[in-house]
Each structure stands twice: as structure tokens, then as C-alpha cells.
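Asker: Provide a 3D model corresponding to the input given below.
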Amino acid sequence: MMFRIPSPHPAACRHSDARCIPAPTMIRGRIQKRHVSDDPDLKYCIFVSKTLAAEAPLFIAVHGIRRGAESQARHFAPFINQFGGVLVAPLFSKKQFSDYQRLGRCGKGDRADLALKRIVIDVSRTLGLHFSQLVMFGYSGGGQFVHRYAMANPRQVKRVAITASGWFTFPDMARPFPRGIGRTAGLPDVLFDPARFLKIPTLVMVGEKDVIRDDNLNKNKKIDTQQGANRLERGQRWIAAMSASASRFRFTTPFTFKMLPGCGHSFIECMKTGNMGRMVVDFLFHDLSVEHPSQSVKKNDGAGATAPVPL
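Answerer: Presented below is the predicted three-dimensional model:
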């Protein structure tokens, strides 16, 4: 399948008129800050392993509302290097992507899902590589974005791991997005297909101590009733709902919940105390060895090729 950027809803996505500039040299083994070639406002961090593995999918790491894209790249880079992969951590600025957790509904900022697709294509053109699928991780608000992106784009996503998501989109056609997967005027071109997204293996992690109803938690009464009072309860209920829905389709997709001992709502604490990094890559790269001598990654016709990236 070809990775294509769909035509956005007229009010949904802004495009910069900045001139296209040459991509800087990509240095393997180092985290670099970049932006999409024709849009200086659409930024991301990238890490390319010193030795690339032909089998490795593209790893996407999405930040929470503190916008710690560089921190996520720095903490995950050593793991991704073991698998010979490429890591991309998009930066969804607060000004441009105020609703990125919900993909960017009309009137609430730019479409974050379309922005990520532009970033993936920019990375592919810069490196001259084809990526067959994405594996995705998100923390907190990034977990909200990642599971909703996967549900809206199931053909493009191989596996998902998320931690400490504040709330979820449930596989319920009777409730409009973002509480469920019913049609919404906020995303008029998005159709959710449970027969596809329920095939995506998914891991949800929440810290043992992440039970505080802090200022950033959605405290809507309908969310509390449907999903629970805190992130721990909500993660457990969502995994149970996804697993039950998959069973009705006779799917055996793994939907797994893991509690991180001794951890609260902190990305750094989850990485250092909860061993989250190892758990994430073991789940997302479950079918790959950590030793990849191969450098035979499939090339495009050229780093500046304009052909879409197959995903």
C-alpha cells in the first residue's frame, strides 16, 4: 500500500508557503533536529542507527503536552540503535496543534495526523528509504494521539505501545469521536474501521502511582463513568473494551495492560524506574533480533524522489 497524504478538509490543515530548501546531511548515530522541507514550522527530531536493518519499521515517538520530543528521542535512541532502526519524534507545537491529542478537529488547530504523514514522507525522501509500516509509542497526550492515529489509519500501523494516556477513544460506534468511533463533524474525512484497527497489537502501560486527578486529566463526568476516575483505571478499561471487541470479530490480537511499579505520571520516572523503554521496544520490535548486520534497506530512486512512501 502506498503512503499518501489525503486532501485535507478546507479548514483543517494549514500549509506553509515557505520555499523548499535542501536537506542537511544526515548523520547516523546522532539525534538531529529537522523540519519538513517545505514547512519550517513542522519540526521533528530524528535518529538514524549506525547500521540499518532491512526489516526494521519506522519508530514514531510522540510527546505529551510538555512537548518533550527531544527528551523522548534521547531516551529511546539507544534502544532503536540496537534494532538498526530509524526514530522520529514529531514536535506538535501548542500554537499550531492545540488539539493534537484528538488528531486536530476542525476549528481546533491544524490536523496532527496529516502533519505526521508529511513528516514520514519527508524522512523517506531525505533518507532515500521505503518504510513498510510504522510502530508507534506515545506518552500521556502522545498516547492519546497514537491510539487515535492507529484507529484512523490501521493499514499504516504495525504495533502500538502507549503509556499514561489521560483518556481514550473506545470502539463504540454509538458514541461520536473522540469518546467513540462514530462520525463527527470535527473530522469529516475520517472513517473508523474496527475490522482493521482491532488487528493492531497494542500495549498500554500506566504507573502504579498514576492515580492522581491532576489539572491535566479530563474530569468530564461522562468520561469518568465510561472510563474510570484515573489513568490507571482508564487504561485497564480501554484494553478490556478493545480485547472484547476483537473477540467479537474472532480476532486473537494481543491487547495487553502492564502496570509500572513505583511510577507516577512522569516520563523520566517510567523510563528509569519502570523499565518502560525496554518494555516498549520488546513489544514493538518483538519479531526482530537486536543484532542486525544487514544494511540492505530498500532504496528509492533518489533521496529527493517525489514518489509516495509505501506504507
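
Asker: dump the C-alpha coordinates for stretch 80-92 into PDB.
Answerer: Provided in PDB are the C-alpha atoms of stretch 80-92 (Å, rounded to 0.1, in the frame of the first residue of the first chain):
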ATOM      1  CA  ILE A  80      16.500   1.800  18.400                       C
ATOM      2  CA  ASN A  81      20.100   1.600  17.600                       C
ATOM      3  CA  GLN A  82      20.100  -2.000  18.800                       C
ATOM      4  CA  PHE A  83      17.500  -2.800  16.200                       C
ATOM      5  CA  GLY A  84      19.000  -0.900  13.400                       C
ATOM      6  CA  GLY A  85      16.000   1.300  13.100                       C
ATOM      7  CA  VAL A  86      15.100   4.900  12.500                       C
ATOM      8  CA  LEU A  87      13.400   7.000  15.200                       C
ATOM      9  CA  VAL A  88      11.200  10.100  14.500                       C
ATOM     10  CA  ALA A  89       9.800  12.200  17.300                       C
ATOM     11  CA  PRO A  90       7.500  14.900  15.900                       C
ATOM     12  CA  LEU A  91       7.000  18.200  17.600                       C
ATOM     13  CA  PHE A  92       3.400  19.300  17.600                       C
END
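
Asker: what's the neighbour count on residue 220?
Answerer: 12 (other C-beta atoms under 10 Å). In short, each C-beta sits where N, CA and C put it, glycine included.

Asker: swap that for residue 28, please
Answerer: 13.

Asker: quick one: the helices in the stretch 101-250 of the chain, in order.
Answerer: For the stretch 101-250 of the chain, the helices defined by DSSP state H, counting those that start in this stretch occupy 112-127, 141-152, 194-197, 221-227, 231-248.

Asker: redo the ones you listed as TSV? Include mean neighbour count.
Answerer: As requested, the helices of the stretch 101-250 of the chain are exported to TSV (neighbours: other C-beta atoms under 10 Å):
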stretch	mean neighbour count
helix 112-127	22
helix 141-152	26
helix 194-197	17
helix 221-227	15
helix 231-248	18
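
Asker: out of these, which comes closest to residue 77?
Answerer: helix 112-127 (15.1 Å; C-beta to C-beta).

Asker: report all helices and strands that that closest one contacts.
Answerer: When contacts are defined as 3 or more C-beta pairs under 8 Å, 6 or more residues apart in numbering; DSSP states H and E, helix 112-127 packs onto strand 2-3, strand 31-36, strand 39-48, strand 58-62, strand 86-91, helix 141-152, strand 309-310.

Asker: including distance to residue 110 and mean pLDDT, could those go into JSON lines?
Answerer: Below are the helices and strands packed on helix 112-127 laid out as JSON lines (distance: least, C-beta to C-beta, whole Å; pLDDT from 0 to 100):
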{"stretch": "strand 2-3", "distance to residue 110": "19", "mean pLDDT": "38"}
{"stretch": "strand 31-36", "distance to residue 110": "12", "mean pLDDT": "96"}
{"stretch": "strand 39-48", "distance to residue 110": "9", "mean pLDDT": "97"}
{"stretch": "strand 58-62", "distance to residue 110": "15", "mean pLDDT": "98"}
{"stretch": "strand 86-91", "distance to residue 110": "12", "mean pLDDT": "98"}
{"stretch": "helix 141-152", "distance to residue 110": "13", "mean pLDDT": "98"}
{"stretch": "strand 309-310", "distance to residue 110": "21", "mean pLDDT": "32"}
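
Asker: how about those in TSV, adding distance to residue 197?
Answerer: Shown next, in TSV, are the helices and strands packed on helix 112-127 (distance: least, C-beta to C-beta, whole Å):
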stretch	distance to residue 197
strand 2-3	17
strand 31-36	26
strand 39-48	24
strand 58-62	16
strand 86-91	21
helix 141-152	4
strand 309-310	20
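
Asker: list the contacts of residue 210.
Answerer: If you count contacts by C-beta atoms under 8 Å, 6 or more residues apart in numbering, residue 210 has them with 164, 230, 231, 232, 263, 264, 265.

Asker: confidence score at it?
Answerer: The model reports residue 210 with a pLDDT of 97.

Asker: then residue 10?
Answerer: Listed pLDDT for residue 10 reads 35.

Asker: is residue 71 in a helix, a strand, or coil?
Answerer: Under DSSP: H, G, I helix; E, B strand; the rest coil, residue 71 falls in the helix class.

Asker: residues in contact with it?
Answerer: Residue 71 neighbours (C-beta under 8 Å, 6+ apart): 63, 267, 268.
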